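Engineer: quick one: sequence and predicted model below, then my questions.
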Amino acid sequence: MNATVGDRLLVHGNSVGERDRTGVIIEVKGGDGGPPYTVRFDDGHTGLVFPGPDAVVVPQ
């Protein structure tokens with residue numbers, strides 16, 4: 001998984017009734033665009049994310 005600042009991260013809900021989460025990648029901490037990423041989610045929460053198989057980077 002590779003990303004750049006400004007790309008969007010989509011994390012699919014992994015259980016019934018759990019909503020998908022989306023946010024903007026504001027910092028790439030790994031080498032060559034790899035994780036972890038600092039993400040500002042659409043709900044206003046900012047956090048360090050190590051994306052799993054349920055996550056997708058949407059280039060902008």
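Structural biologist: Here it is on my side, so go on.

Engineer: from now on I want contacts and neighbour counts done on CA atoms only, so please keep to that.
Structural biologist: Fine.

Engineer: in three-state terms, label the residue most central in space within the chain for me.
Structural biologist: In the chain, the C-alpha nearest the mean C-alpha coordinate belongs to residue 9, at 3.3 Å (CA atoms, centre = their mean). Secondary structure state of residue 9, per DSSP: H, G, I helix; E, B strand; the rest coil, is strand.

Engineer: quick check: closest non-adjacent residue to it.
Structural biologist: Spatial nearest neighbour of residue 9, chain neighbours left out: residue 57 (4.7 Å); criterion: CA to CA, 6 or more residues apart in numbering.

Engineer: what about the one you found, neighbour count?
Structural biologist: Other residues within reach of residue 57, judged by other CA atoms under 10 Å, total 19.

Engineer: also the one 3 residues further on?
Structural biologist: Other residues near residue 60 number 10, with proximity taken as other CA under 10 Å.

Engineer: contacting residues around it?
Structural biologist: Residue 60 is in contact with 6-8, counting by CA atoms under 8 Å, 6 or more residues apart in numbering.

Engineer: let's see 7 Å
Structural biologist: Residue 60 is in contact with 6-7, counting by CA atoms under 7 Å, 6 or more residues apart in numbering.

Engineer: my read: the residue nearest to residue 9 touches residue 5, true?
Structural biologist: No - look at residue 57 against residue 5 with CA atoms under 7 Å: they stay out of range, at 11.0 Å.
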